[in-house]
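Enquirer: whatever this is, show me its structure:
(3 chains)
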Amino acid sequence: MSAEVTLENVWIRFGDFVAARAVDINIRQGEFFSFLGPSGCGKTTLLRAVSGFLSPSEGRVLIGGKDMAGIGPNKRPTALIFQNLALFPLMTVWENITFALEVRGVSAARRRKRADELLELIALPGQGEKMVDELSGGQRQRVAIARALAAEPGVLLLDEPLSALDLKLRQHMRTELRDIQQRVGITFIYITHDQGEALTMSDNVAVMREGVIEQVADGNTIYDRPATAFVASFVGENNLLRGTVSAVSRAAVTVDTGLGAIRARAADSGGKGSLAVGDDAYVFIRPESLKFDEEKKMDNNISAQIHQQEFEGSFWQVFFSIKGSERKLKLSMVNDGSAMSHQPGQRVTLGFAPELAVATPAGPLAAE
Amino acid sequence: MIAALREAVVRGGLLTRIGLALFAACFFVYLFGPLVLMGITAFNSSAFPRVSPWECFSVEWFEVLRNDQTLVEGLRNSVFIGIGVVALAVPIGLAGALMLMQINQRVRPWYYTVVISPILVPGVVLGISTLVFWDRVGIMFNASHETFFYNGFFLTIVGQATFISAYSMLVFISRLQRFDPALEEAALDLGATHVQTFRKVLLPFLKPAIASAAVLAFLASFENYNTTVFTIVSESTLTTVLASKVRYGINPSISALAVIIVVVTLLGAAVFEVVKRREQKAARESEKVARGEVPARARRKPLLLDPAMFLILAVFVAGLGTVYFAGTVGVEECKAAVKEEKQRVAQERVRKLQQQRMFQRAAPVAGEGEGEGGSAPAAPQAQREDSSGFESIFAPQNLKEQVESGPPAAGTESFQGIFAPENLESQSGAGQ
Amino acid sequence: MALVRHLQNFFRRNGAALSVFLLGAVGFWILFMIVLPQLFMVDFSFRVNLPPPKWGTPEHHYTLEHYRYMVYGSAGSESSFNVIDLQVFFKTIVAAIFVTIFDVALCYPIAYYLAQVAHGGWARLMVLSLIVPFWVNEILRAFAFRIIFGASGVLNKGLMALGIIDEPYDFIRENFALYAGLGYAFILLMIFPIYNAIESLDKNQIEAARDLGSPWWRIHWRVVIPFAKPGITSGCTMVFMLTAGALAAPQILGGPSSLWFTQIIYQAFNQAGNWSRGSAYAIILLASCIALVLLLMRAFKVRLGEIAR
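Expert: Next up, the predicted model:
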C-alpha cells in the first residue's frame, strides 16, 4: 500500500546545531521524490526522521496520514536502502531478501517462493543461494532493493544508494530504479547530492541548504525557474551578475549591474522576500541562453572580451572576461558544423532574452 | 663488487637484519629452552626431574600423574570453575563492550577506566577484595558458613571473572569496531524487534568473538593462581595443587603435565592455523565469484576431511604411538641395569671409603663409618647425591612415597588412559 | 533529568530485554565486582584485627595501626622502623622496575622484527610460537626454571662439565632463578602492545628516514620509538603491575631468605590470619604501583586512554 508522507514544521537539533529548520513538505502517494543538496545539508537527517531512527525536536512526521511520534523504525511502513546497502554478510542472498518476512514468522517455504519472485523482479533469477560477498556491486544494489521491497513498505527510502557504483553502472541503475518504482507503484523518497540523479528520476525535487528547504518543484521548474540564489547556483551551470534593483514591473525586474541595466524575470520565491527597488540582486543566465549579438537585437546586451574557447565535440564553450568582475562568463553553443569565427582577445557583444534570465535576492551561493 | 655489497649492507640494513635474526634466535631459546628441558625430564625415569644423568626413556610419570588424586581433583575443580567463569565473564564482557559503544561521550573515558582497571590491579588485590567483600556481605545477611558467600568455588568464579570480564570485553570491542551499525538499523527498519535484531544480526556477527572470548576466559581462569589462592578457601584447583606440589616436593609427573599441555596447545595452534587458512581461501574464492571469474561452488569440504587436518592427526597419532612404544618397552630392563650400575658405583664408593679408613685408622670417624657400613642400601645413597641445597627442602620420604605410588611397570591399558578420548576432549576444548 | 532522558533513549535504542541485560550485567560487574569490593577492602584495612565472629560489632572500630605497622613495626620492637617489611617492599618495587626494563630491552627488537621485517607465513609462525609457551601454566613455567637453575639443574651441570665452576652455584638463593622467571613470565604482555603499535607504522617512514641518511639507531630513536610510545608504555604498565603483584614465581623460585611483598600479604592472610593487615598491605602495594605508573605516564606524556588497548 503506497502511502503519502507529510512533514509538518519539522525541526531537528543536535545540541546547538540545527540539522533541519521548519521543514514543511507533502509527498504524494506513489511519487518519486528527491531531496537534493550538498553533503551536510541535513537531507539524511530528514530521512532518518521519516524512517524513525530519530525523532524531530519539534513538528510532526505523518505517514499515510498517521502521526509517527513514538513509533519505532520497526513499526513504520517504511523501508530504507542504506548508503552502503547494509546487506547482512552472514546470510545468503535469499535469506537477506526475505529477512522482513522471517522476523514476521513466515514459513521458510513461503519465504523461498517470495524470494524467487523478487529475484525475478530484480533480474537475478537463481542466484538466491549465493553469499552476499559473491555478488558484484550492481547485483548487491538490486538485492538491497529486493530486500526492502519484500517488507512491502508504503514508502521506500533511498539514502544515496548509487554513490558507491561506478559512473556507467550508476547511469544504468537510474533507469532501472525509475522502472522498478513505476512497476511497484509505491512512494520513493530519494536522497542525493547528484543533481543528475535527482532531475532524471524524480517527479519532484526538494533542494536543501543547511537544514532549510530552498525550493520544492519538478525538475524542469528547478532548472528553469530557480527560486533562490542557492538553487540557481547549485543546480546546473549558471552565469552570475550582481547589481541593485532599479525598477520592478509585473513581468520583470530591472537590475543595475556594472555592465548596464539588465532586465530579468523575478524569481518566484513563494511569497517570502520578493525583490523591491534598491535591493541587492543576483541575475543568473544559463550558458546556453547567452548568444553572440553584434547587432544588439536582444533586450539585454553586455560587452565582453573572449578569454578562451574550448571545443567539446558537440559543443563549443566560450569564456569571456567582463568589466568589474573576476568571474568569467560562459557561453555554450551547439556545434552546427560552421567553424567558430571568433578569436581570443576579440571584443564582442553578448545578448540574452529577459525571460531566460532570473533575478533573485542576493543570498548564499553553492560552493564551487 | 665489495663496494656493492657494502652499499647493500648500509642501504638495505643487512647488518641490522642479521643482528635482529641472531637476537630473535637467542630470544626463542630463552622462550622455549625451559619448556623443552622440562619436557625432556618428563621422559627420564629418574625420580627427580632432571635431564642429566639420563637414566631410562620412560612414560611412567604420565601414569603417576594420572593416579595423583589431588591433581585430578584439582583439575576437575579447575574445569568447573573455568566453565563458571566463562558463563559469567563472557556475557558481562559482551554487555560491557556493547555499553561502551553507545555510552555518552563525556562519561566514556571514566567508564572505560573503571572497567579496564581490573586488568591492571594485581591479582592478589582482586582476590583479597573479593574475599573481604563477600565475607562482609555474608555477615550482613547473617548467612551461615555453608552459604555461597563463603564457598570457595563461588568466590573464585566471581573473583576471577572480575578481570576476565575485562579481557573478554576487549575481545568484543575489537570485533565490534568492525561491525557496521547500519546492519542493526537495517534489521530494525525491516520490522525486526530489538531482540530479533540482537539475535539474528549482532549475535551471529559476534559468534567468532564469543568463541575466542570463551576460550580466553577459560584459559585465563585455568591459569590463574594469584587471585585463586585467596578466594579458593578450603577447596583446591589445579594451580593451587601444583603450586603446593612444586613448593613442597616435586617429581617428573609435573613435567609430564606440562608436556600434555604443550602438546594440546600445539595441536590447537595447528588446527587454528588450518581453519584460518581455509577461511582466507574461502574469502579469496568468493571474491573471484563476485568478479565472475569462477562459478560458485556448492559447499565446502568439512574440516575433518581437509588433507592438512588429516596430516596433523596422523603426525599426532604416530608421535604418540612412537613415544608410547619407546617409553614402555624395555624400560624395566633399562631401569634394572641403571639400578645395578648405581649399586655398583655405591659399593665402589663404600669400598673406597673403607679402604681410606683402613689407611687412616682415625678414631673420630669410626662411628660414622659403621653407620654407612657395607650393608647400607644403595638407593638413598644415590639420592643423597642430589640433596645439595635446592632439593634439601624435599624430605626423602616424600620423594619415595611418590615413586612408590606410581607402579613402575606402566601397564598398557592404564597408560592409554591419559590419552583416552574423553580426557583428551576436555583438554583440547581448552586449547582451541 | 538528563539521566532520565538518556535512559529513555537507551531503552528505545535497545529494547526492554536487551537494556535490562546490559544494565544488569554491567551494573553487577562495576558495583559488586569492581567498586564495592575495593571499597570494602579499604574499609577493612582501617579496622582493628578481630576474629571473624566479632566483625561488624562496635569493637570492630577504625584504626591506623596496620599502616603504622608497615612503617614502624610493632610497638615492642627494638628498631624504630619495620625494617623487614619496608626492605621487602622497596626490593619488590625496584626489582619489578628492573624486570620491566629488561623486558622492554628484550621485547622491543623482537616486536620490531615481527612487525616490520618478518612477513607472511614466517611472521605468523613466529607469532604463534610466541603464544604457545604462554598457554602453559604460570606455575609450570616457574617449575621449568627450577629444573634449569637447581643445584643439580641443567645450568649447574653444564657449567661444571665445562669446568667453569667446581661446585654447584646456588642460583636460587641468589635470586637468579626468580628474576629470570619473572622476566619470562610476562614477555607476551610486553611484545604484543609494542607489536601492535609498530605494525601500524608506515614502512615508508622508515625508508624515508633511511633515505635521508639516518643511521639505524637514529631511525629507531626519532621515528619508531616515538610512534610506538603508547604501546611501549602500555606494555611497561602491564609488566610492571603484574611483576610487582606476582605471587607464584616468587613462591616457587624465590630464595629461602628473600621474600616478595605479595608473599608477606599472603602470609598475613593464610598464616597470621590477620586480614586487616593483609588488606592494608594490599592497598599499599596497589597505591604505590598506580602512583608509579601515573608518574611514568606523565614522564612519557601518554594519556590513560591510549593504554590498555
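
Enquirer: up against chain B, what does the stretch 51-200 of chain A have?
Expert: A:51-53, A:72-75, A:78-80, A:82-84, A:86-90, A:99-100, A:102-104, A:129-131, A:133-136, A:147-148, A:151 (CB under 8 Å from any CB of the partner chain). All C-beta spots, glycine's among them, are computed from the backbone N, C-alpha and C.

Enquirer: what's the PyMOL line that selects buried ones from these?
Expert: Buried residues within those, by 16 or more other CB atoms under 10 Å in any protein chain shown, are selected in PyMOL with:
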select buried, chain A and resi 51+52+53+72+73+74+78+79+80+82+83+84+86+87+88+99+100+102+103+130+131+134+135+147+148+151
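
Enquirer: show me the residues of the stretch 51-200 of chain A next to chain B that map onto strands.
Expert: Per DSSP state E, strands hold the following members of these: A:78-80.

Enquirer: would you convert those residues into JSON lines that also reports pLDDT and distance to chain C?
Expert: Below are these laid out as JSON lines (pLDDT from 0 to 100; distance: CB to the nearest CB, whole Å):
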{"residue": "A:78", "pLDDT": "91", "distance to chain C": "17"}
{"residue": "A:79", "pLDDT": "91", "distance to chain C": "20"}
{"residue": "A:80", "pLDDT": "90", "distance to chain C": "17"}
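
Enquirer: okay, the residues you listed in CSV with distance to residue C:40 next?
Expert: As requested, those are arranged in CSV below (distance: CB to CB, whole Å):
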residue, distance to residue C:40
A:78, 52
A:79, 53
A:80, 50
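
Enquirer: what's the burial count for residue B:25?
Expert: When neighbours are counted by other CB atoms under 10 Å in any protein chain shown, residue B:25 registers 10.

Enquirer: quick one: it and residue C:265, what's the gap?
Expert: 39 Å (CB to CB, to the nearest Å).

Enquirer: could I get the pLDDT score of the closest residue to chain B within the stretch 151-300 of chain C?
Expert: As assessed by CB to the nearest CB, chain B sits closest to residue C:245 within the stretch 151-300 of chain C, at 2.4 Å. Confidence per residue is given as pLDDT, and for residue C:245 that number is 86.

Enquirer: could you find the closest non-adjacent residue to it?
Expert: Across the structure, with CB to CB, 6 or more residues apart in numbering or on different chains as the measure, the residue nearest residue C:245 apart from its sequence neighbours is residue B:122 (2.4 Å).

Enquirer: what helices or strands is the longest helix seen in chain A leaning on?
Expert: Across chain A, the helix with the greatest residue count (assigned by DSSP state H) is helix A:167-184. Using 3 or more CB pairs under 8 Å, 6 or more residues apart in numbering or on different chains; DSSP states H and E, the elements in contact with helix A:167-184 are helix A:137-150, strand A:187-192, helix A:195-201.

Enquirer: contact partners of the second one?
Expert: By CB atoms under 8 Å, 6 or more residues apart in numbering or on different chains, the list of residues contacting strand A:187-192 from outside reads A:2-5, A:27-36, A:43-44, A:47, A:50, A:154-160, A:162-163, A:177, A:181, A:197-198, A:201-202.

Enquirer: isn't residue A:317 right up against residue A:334?
Expert: No. Under the criterion of CB atoms under 8 Å, residue A:317 lies out of contact with residue A:334, with a separation of 11.4 Å.

Enquirer: mind showing which ranges of chain C have poor pLDDT?
Expert: Counting by pLDDT under 70, chain C contains low-confidence residues at C:1, C:52-56, C:74-79, C:151-152, C:173, C:303-309.

Enquirer: now tabulate the helices and strands packed on helix A:167-184 in TSV and tack on mean pLDDT.
Expert: Below are those laid out as TSV (pLDDT from 0 to 100):
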stretch	mean pLDDT
helix A:137-150	89
strand A:187-192	93
helix A:195-201	89
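
Enquirer: of all these, which lies closest to residue C:282?
Expert: Put simply, out of the helices and strands packed on helix A:167-184 the one that sits nearest residue C:282 is helix A:137-150, at 56.7 Å, with distance taken as CB to CB.

Enquirer: tell me the angle the closest one makes with helix A:167-184.
Expert: Between the axes of helix A:137-150 and helix A:167-184, defined by axes from the mean of the first three to the mean of the last three CA atoms, to 10 degrees, the angle is 20 degrees.

Enquirer: residue contacts, the residue of the stretch 101-250 of chain C found nearest chain A?
Expert: Proximity of the stretch 101-250 of chain C to chain A (CB to the nearest CB) peaks at residue C:124, 23.4 Å away. With contact taken as CB under 8 Å, 6+ apart, residue C:124 is in contact with residue B:273.

Enquirer: only alpha carbons, please: show the helix or strand hosting it as CSV.
Expert: Element membership for residue C:124, per DSSP states H and E: helix C:120-131. Included here for helix C:120-131 are C-alpha records, laid out as CSV according to Å, rounded to 0.1, in the frame of the first residue of the first chain:
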residue,chain,number,x,y,z
GLY,C,120,54.0,-13.8,5.5
GLY,C,121,53.9,-17.3,6.9
TRP,C,122,57.2,-16.8,8.8
ALA,C,123,55.8,-13.9,10.8
ARG,C,124,52.6,-15.9,11.5
LEU,C,125,54.6,-18.8,12.7
MET,C,126,56.6,-16.6,15.0
VAL,C,127,53.5,-15.0,16.5
LEU,C,128,52.0,-18.5,17.1
SER,C,129,55.2,-19.8,18.7
LEU,C,130,55.2,-16.7,20.9
ILE,C,131,51.8,-17.6,22.2
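
Enquirer: now the element after it, going C-ward?
Expert: Toward the C-terminal end, the helix or strand that comes next after helix C:120-131 (DSSP H and E) is helix C:138-149.

Enquirer: tell me, what residue is most central in chain C?
Expert: residue C:242 (1.5 Å; CA atoms, centre = their mean).

Enquirer: correct me, but that one touches residue C:188?
Expert: No. Under the contact definition of CB under 8 Å, residue C:242 does not touch residue C:188, with a separation of 10.7 Å.

Enquirer: what about the chain, any weak spots by pLDDT?
Expert: This is for chain A. Residues of chain A meeting the criterion pLDDT under 70: A:1, A:269-273, A:339, A:368.

Enquirer: that's the wrong chain, I wanted chain B
Expert: Along chain B, the model assigns pLDDT under 70 to residues B:1-13, B:16, B:52-53, B:249, B:294-304, B:361-432.

Enquirer: enumerate the residues of it near chain A.
Expert: Residues of chain B lying close to chain A by CB under 8 Å from any CB are B:180, B:182-183, B:185-193, B:196, B:200-201, B:204-205, B:283, B:286-287, B:289-292, B:296.

Enquirer: chain C contacts on chain A?
Expert: Residues of chain A lying near chain C by CB under 8 Å from any CB: residue A:72.

Enquirer: indicate the residue of chain A located nearest to chain C.
Expert: Using CB to the nearest CB, residue A:72 is the residue of chain A that sits closest to chain C, at 7.0 Å.

Enquirer: chain neighbours aside, what residue packs nearest to that residue?
Expert: Sequence neighbours aside, residue A:52 is the residue nearest to residue A:72 in space, at 5.6 Å (criterion: CB to CB, 6+ apart).

Enquirer: residues contacting that neighbour?
Expert: Each residue near residue A:52 by CB under 8 Å, 6+ apart is listed here: A:68, A:71-76, A:78, B:189.

Enquirer: look up how far residue A:77 lies from it.
Expert: For residue A:52, the distance to residue A:77 equals 10 Å [CB to CB].

Enquirer: okay, buried residues for stretch A:188-205 please.
Expert: Of the residues in stretch A:188-205, those scored as buried under the neighbour-count criterion (16+ other CB under 10 Å) are A:188-193, A:195, A:197-199, A:201-205.

Enquirer: ok, now stretch C:250-266?
Expert: Of the residues in stretch C:250-266, those buried by neighbour count under the rule 16+ other CB under 10 Å are C:250-255, C:258-266.

Enquirer: contacts with chain B among the residues you listed, please.
Expert: Checking those against chain B by CB under 8 Å from any CB, the ones in range are C:251-252, C:262, C:265-266.
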